[in-house]
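Trainee: From the sequence below, what's the structure:
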Amino acid sequence: MTAPRIAVVGSLNMDLVLQVQRAPEGGETVQGDSLQSIPGGKGGNQAVACARQGALVSLFGRVGADAHGQALRDALTADGIDHSGVQTDADATTGVAAITVDAAAQNRIVFVPGANGRFVLDADALLATLFQADFLVMQLETPLPEVLGAAQQALTAGCPVLLNPSPIQPLPEALWPLLHTLVVNEFEAATLSGQPVATPADAARAAQALRARGPAQVIVTLGAAGAVAADAQGSRHHPGLVVQAVDTTAAGDTFLGALAVALAQRHTLDEAVREGIRSSALCVTRRGAQPSIPTRAEVAQSPQPPDWTPL
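Mentor: Presented below is the predicted three-dimensional model:
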């Protein structure tokens, strides 16, 4: 099968990962177990997730002219990702995320955008890439006007857009009809739809409300409970896989990368969601962001999720 081509517009961060037994309360100091510097950022993570599932990936973003920026470029090169669209900012530092991971595998993240917040779309370079791409993947760790501009370029190129609106913020009305696929977690689904999301049935209602605003299909990820997929045929709950989680940092990005590649290969939405669940289940059994993202061969050897049920 020909490798799909995916363009990613998004953030690149150096993750400073603190392993602790428990996160401190306000005003409290706790002793940590370890500190690591690991390549991350939602844009970088999603690009790596797509590449490790067999896609040819081009990444557009911005880093500083510093050691972190060079380390991130080296990591992208190692995964075969084209980062010629990653700009170098001489006046800003590379983005950093401080991540505390506790013994229950829950993470707490503080994101300092740095150069990500100064990303300016090179519309001509992106458009040339999009004419050859099967999907444009984006998140919201770069300026929202640039995200909208990239989606408009994708419309010109006839390239479908997959958006993960994280960190959550109100989306411009002009962006909604430009989206083909929207991937949100429970909190993001509730915030954007204005409806509570506590159960798969709630997620299905929220997803269909979001579909009414423009996207052809919406996926609500539910952590260990799997995901809900919604399209014109209705809504389905895909149960998760039972695993021993140690770090959930890049789980959502891993899910999205596997989903995007499967959709680019013309799999059905339900098949793509199952690949996302398999990939993210492997991811959470490992520590770190990009080091935890599995390869296509590893996912192929992993268990299949239980059958989905209609909602």
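Trainee: how about the strands in the stretch 51-200 of the chain?
Mentor: 56-64, 82-89, 95-101, 107-112, 135-138, 161-163, 181-185 (DSSP state E, counting those that start in this stretch).
Trainee: Please produce JSON lines containing those, extended by mean neighbour count, distance to residue 22 and mean pLDDT.
Mentor: For the C-beta atoms, the positions are set from N, CA and C on the backbone; glycine is no exception. Shown next, in JSON lines, are the strands of the stretch 51-200 of the chain (neighbours: other Cβ atoms under 10 Å; distance: least, Cβ to Cβ, whole Å; pLDDT from 0 to 100):
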{"stretch": "strand 56-64", "mean neighbour count": "26", "distance to residue 22": "33", "mean pLDDT": "98"}
{"stretch": "strand 82-89", "mean neighbour count": "18", "distance to residue 22": "37", "mean pLDDT": "98"}
{"stretch": "strand 95-101", "mean neighbour count": "22", "distance to residue 22": "9", "mean pLDDT": "92"}
{"stretch": "strand 107-112", "mean neighbour count": "15", "distance to residue 22": "11", "mean pLDDT": "87"}
{"stretch": "strand 135-138", "mean neighbour count": "28", "distance to residue 22": "34", "mean pLDDT": "98"}
{"stretch": "strand 161-163", "mean neighbour count": "25", "distance to residue 22": "34", "mean pLDDT": "98"}
{"stretch": "strand 181-185", "mean neighbour count": "25", "distance to residue 22": "23", "mean pLDDT": "98"}
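Trainee: now the spatially most central residue of the chain: how far from residue 120?
Mentor: Nearest to the mean C-alpha position of the chain, by Cα atoms, centre = their mean, lies residue 253 at 3.1 Å. Using Cβ to Cβ, to the nearest Å, residue 253 is found at 23 Å from residue 120.
Trainee: still on that earlier bit, which residue sits closest to the residue nearest to the centre of the chain, ignoring its sequence neighbours?
Mentor: Distances taken as Cβ to Cβ, 6 or more residues apart in numbering place residue 45 nearest to residue 253, at 3.7 Å, with adjacent residues excluded.
Trainee: can you tell me how far that neighbour sits from residue 52?
Mentor: With Cβ to Cβ as the criterion, residue 45 and residue 52 are 11 Å apart.
Trainee: Same check on residue 61?
Mentor: For residue 61, the distance to residue 52 - Cβ to Cβ - is 18 Å.
Trainee: Residue 118 now?
Mentor: Separation of residue 118 from residue 52 (Cβ to Cβ) stands at 29 Å.
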